[in-house]
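A.B. asks: got a predicted structure plus its sequence, pasted below:
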Amino acid sequence: MSSMIRDPSLAPSGWRKLRWVEARMPVLAYLRPRIRREGWLRGRRVAICLHLEAKTAHLARILQEAGAEVAICGSNPLSTQDDVAAALAETGVRVYAWHGADTAQYREFIRRTVEFGPELVIDDGGDLVNVLHNERADLADGVLGGSEETTTGVQRLRAMAAEGALRFPMIAANDSRAKYLFDNRYGTGQSVWDGIMRSTNLVVAGKTVVVIGYGWCGKGVALRARGLGARVVVCEVDPVAANEALLDGCEVMPSLKAAEVGDIFITVTGCRDALAAPHFERMKDGALLANAGHFDVEINKHDLRRLAQEVEQVRPHVEAYRLAGGRTLYLLAEGRLVNLAAGDGHPAEIMDMSFGVQVLALRYLVEHARKLPRDVIRLPGEVDEAVCRMRLEALGIAIDTLTPEQQAYLSSWQEGT
Ligand code: ADE
């Protein structure tokens, strides 16, 4: 089955983007010839559901070059870049994605991606695994295992595993330190602000930024907001995370109170209705609303539409909701992931580490899948170390090693005062 993309003639622009990221992803550059030489991907069928922008296309290309048969779809209707999809389709990877797909098209693309019967899958958010358990459950037994990129996807997988519903092992790539410490925190921290600033062209300094959710992604968003000169308010349901936010120098308050003082609201909770009618009713005129969580359920768009007398697109990725009484609230990127829908996603150097983890997760699956339970699995810590060492080496940064005496000390319990 051939690719389904928006416009093949966009490929030259896609190739320029691919070349830009390729030169900035040293971990993948290190792994690229090795996967090929080692041969463990040769002849393997790999289905991928990831945000289809340049870094992802680079990963797909590397897997395909190493001998895998690769099919790919996007993991969000607004994050696919049509020029990148066109370039990737020229490599022999089967691509099923276009920007702005409606829900039916989006699901159809996932079905097409799995119809060749994948042995390995990479998912971001859990939609592909969902299709392999519901609509194409006939293909699930052929899957050796897979790997999940994001917090929300891992959460969904854990719910499946708890019900005994998961039909193949899934590695929580997201839970690797080489992923969440960098991608979730520094990747989201930077790319969310990139998306907000590109789409609004407004100043952040001096504004009150409300970050709802203080997981690793929320921490990154708050950290960079402070760096941009904002006053940062954090809203949390977890008392531990709330204390962390306080000690990181943020103000903490309930979201209904924050609704009255915020200029820019960013949801990063992984949960629905983080902002809904009661919040919108309290917000100041001109407030900006952005979501950085995987699904577009965190800002309740139905409530926003219901309260609005008029909705107007005022800039690319910015819709003005004019409420009764004269206030206007601005929703960015339709409440979808602002960093991918209004930007290019995380920086290349960050996705380099995340996708390094993904490659090593595939290798782990090929080597161990037959012995793995149908559960959510964490990669061994050596994978984090390997990815981080590759990156340090590429940057020319050396670190210390423990002496044998230090190693003995760390593993002993006799020595004290
Ligand atoms: N680019 C590709 N996948 C991404 C992700 N999950 N988050 C941000 N940028 C990305």
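C.D. replies: The structure has been received and is ready for your questions. Numbering: from 1, shown residues only.

A.B. asks: what's the pLDDT at Lys219?
C.D. replies: Per-residue confidence at Lys219 stands at 98 (pLDDT).

A.B. asks: can you tell me the SS state at it?
C.D. replies: The three-state label given to Lys219 by DSSP: H, G, I helix; E, B strand; the rest coil is helix.

A.B. asks: for it, which non-adjacent residue is closest in space?
C.D. replies: Closest residue in space to Lys219, ignoring its immediate chain neighbours: Arg185 at 5.6 Å, by Cβ to Cβ, 6 or more residues apart in numbering. All C-beta atoms are positioned from the backbone trio N, CA, C, and that covers glycine.

A.B. asks: measure the one you found to Thr56 for me?
C.D. replies: Using Cβ to Cβ, to the nearest Å, we find Arg185 at a distance of 20 Å from Thr56.

A.B. asks: looking at these two, which one has more neighbours?
C.D. replies: Thr56 (30 against 20; other Cβ atoms under 10 Å).

A.B. asks: which SS class is that one?
C.D. replies: Thr56 - assigned by three-state DSSP - is helix.

A.B. asks: list the contacts of it.
C.D. replies: By Cβ atoms under 8 Å, 6 or more residues apart in numbering, Thr56 lies in contact with Ile48, Leu50, Ile72, Val84, Met351, Phe355.

A.B. asks: ok, and which of the residues you listed reach the ligand?
C.D. replies: Restricting the contacts of Thr56 to those within reach of the ligand (Cβ under 6 Å from any ligand atom) leaves Leu50, Met351.

A.B. asks: dump the contacts of Thr56 to TSV, plus secondary structure and distance to Leu128.
C.D. replies: As requested, the contacts of Thr56 are arranged in TSV below (DSSP: H, G, I helix; E, B strand; the rest coil; distance: Cβ to Cβ, whole Å):
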residue	secondary structure	distance to Leu128
Ile48	strand	8
Leu50	coil	9
Ile72	strand	10
Val84	helix	19
Met351	helix	19
Phe355	helix	17
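
A.B. asks: how far away is the residue nearest to Lys219 from Pro26?
C.D. replies: With Cβ to Cβ as the criterion, Arg185 and Pro26 are 20 Å apart.

A.B. asks: average model confidence for stretch 365-373?
C.D. replies: The average pLDDT for stretch 365-373 rounds to 93.

A.B. asks: off-centre distance for it?
C.D. replies: Offset of stretch 365-373 from its chain centre (Cα atoms, centre = their mean, to the nearest Å): 25 Å.

A.B. asks: what does stretch 333-343 give?
C.D. replies: Using Cα atoms, centre = their mean, the offset of stretch 333-343 from its chain centre is 12 Å.

A.B. asks: ok, residues contacting that stretch?
C.D. replies: By Cβ under 8 Å, 6+ apart, stretch 333-343 touches 51, 53, 76-79, 188, 191-192, 194-196, 198-199, 266, 289-294, 296, 298-299, 301, 316-317, 319, 332, 345-346.

A.B. asks: 7 Å instead?
C.D. replies: Contacts with stretch 333-343, where a contact means Cβ atoms under 7 Å, 6 or more residues apart in numbering, come from 51, 76, 78-79, 188, 191-192, 194-196, 198-199, 290-292, 294, 296, 299, 301, 317, 332, 345.

A.B. asks: what about stretch 83-95, how long is it end to end?
C.D. replies: End-to-end distance of stretch 83-95 (Cα to Cα, to the nearest Å): 12 Å.

A.B. asks: what do you get for stretch 167-183?
C.D. replies: End-to-end span of stretch 167-183 (Cα to Cα): 28 Å.

A.B. asks: how about the host helix or strand of Leu18: buried residues?
C.D. replies: Assigned by DSSP states H and E, Leu18 falls within helix 11-22. Residues of helix 11-22 classed as buried by neighbour count (16 or more other Cβ atoms under 10 Å): Ala11, Gly14, Trp15, Lys17, Leu18, Val21, Glu22.

A.B. asks: tell me the spacing between the last one and the ligand.
C.D. replies: Note on Glu22: its distance to the ligand, by Cβ to the nearest ligand atom, to the nearest Å, is 14 Å.

A.B. asks: start the count at 22, not 1, going forward
C.D. replies: All set: I'll call the first residue 22, so the last point we hit is now Glu43.

A.B. asks: who touches the closest residue to that residue other than its chain neighbours in this structure?
C.D. replies: By the measure of Cβ to Cβ, 6+ apart, the closest residue to Glu43 outside its immediate chain neighbours is His79, 5.6 Å from it. By Cβ under 7 Å, 6+ apart, the residues touching His79 are Leu39, Val42, Glu43, Met46, Leu49.

A.B. asks: try Pro98
C.D. replies: So Pro98 contacts Gly121, Ala122, Tyr127 (Cβ under 7 Å, 6+ apart).

A.B. asks: now these in JSON lines, with neighbour count?
C.D. replies: Supplementary listing: these in JSON lines, determined by neighbours: other Cβ atoms under 10 Å:
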{"residue": "Gly121", "neighbour count": "12"}
{"residue": "Ala122", "neighbour count": "21"}
{"residue": "Tyr127", "neighbour count": "20"}
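
A.B. asks: ok, residues contacting the strand or helix carrying Ala199?
C.D. replies: In this assignment (DSSP H and E), Ala199 forms part of helix 198-200. The contact list for helix 198-200 (Cβ under 7 Å, 6+ apart) reads Ala194, Met374, Ser375, Val378, Val404, Asp405, Val408, Cys409.

A.B. asks: closest one of these to the ligand?
C.D. replies: Ser375 (7.2 Å; Cβ to the nearest ligand atom).

A.B. asks: please tell me how far that closest one sits from Gly174.
C.D. replies: Distance of Ser375 to Gly174, computed by Cβ to Cβ: 13 Å.

A.B. asks: for Arg412, same thing?
C.D. replies: Counting by Cβ to Cβ, the gap from Arg412 to Gly174 is 24 Å.

A.B. asks: pull out the buried positions in stretch 293-309.
C.D. replies: Neighbour-count burial for stretch 293-309 [16+ other Cβ under 10 Å]: Asp294, Ala295, Leu296, Ala297, His300, Phe301, Arg303, Met304, Ala308, Leu309.
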